[in-house]
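Asker: output the structure for:
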Amino acid sequence: MVQAVTGTGFAPGTIVQRRVRLDFASWIARMRTPEIRAQAIRSLQAEMSSDVVTHFAIEADGSFMLDIMSLEATPI
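Answerer: All right, here's what the predicted structure looks like:
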């Protein structure tokens, strides 16, 4: 990540990592996901390994957690 930032002429600053919960129903509504694709996502979630379910904290309604990062960068 640092090389990607410095390679474009920026100096990396503060990095913040956190997790964000995505509510399945509002997520698919916001993305205008067709019902057949929403069903496909739920089908895939049902087949995921326990490690994946645990990492993404997949809930019974399909809601899940995402790992995100924010990076502050300033011009060199």
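
Asker: how about the secondary structure of A38?
Answerer: helix (DSSP: H, G, I helix; E, B strand; the rest coil).

Asker: list the contacts for it?
Answerer: I28 (CB atoms under 8 Å, 6 or more residues apart in numbering). For the C-beta atoms, the positions are set from N, CA and C on the backbone; glycine is no exception.

Asker: the protein: strands as residue ranges?
Answerer: Ranges of strands in the chain, per DSSP state E, are 10-22, 64-75.

Asker: got CSV for the ones you listed, with mean neighbour count too?
Answerer: As requested, these are exported to CSV (neighbours: other CB atoms under 10 Å):
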stretch, mean neighbour count
strand 10-22, 11
strand 64-75, 12
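
Asker: packing partners of the helix or strand bottoming out on mean pLDDT in the chain?
Answerer: Least confident helix or strand of the chain, by mean pLDDT, DSSP states H and E, is helix 2-6 with a mean of 82. Packing partners of helix 2-6 (3 or more CB pairs under 8 Å, 6 or more residues apart in numbering; DSSP states H and E): strand 10-22.

Asker: name the helices or strands packed onto the strand it packs on?
Answerer: helix 2-6, strand 64-75.

Asker: the inter-axis angle of the last one versus strand 10-22?
Answerer: Meaning strand 64-75. Interaxial angle of strand 64-75 relative to strand 10-22 (axes from the mean of the first three to the mean of the last three CA atoms, to 10 degrees): 160 degrees.

Asker: and strand 64-75, what does it pack onto?
Answerer: Counting contacts by 3+ CB pairs under 8 Å, 6+ apart, strand 64-75 packs against strand 10-22, helix 50-56.

Asker: for the least confident helix or strand of the chain, buried residues please.
Answerer: For helix 2-6, the neighbour count (16 or more other CB atoms under 10 Å) marks V5 as buried.
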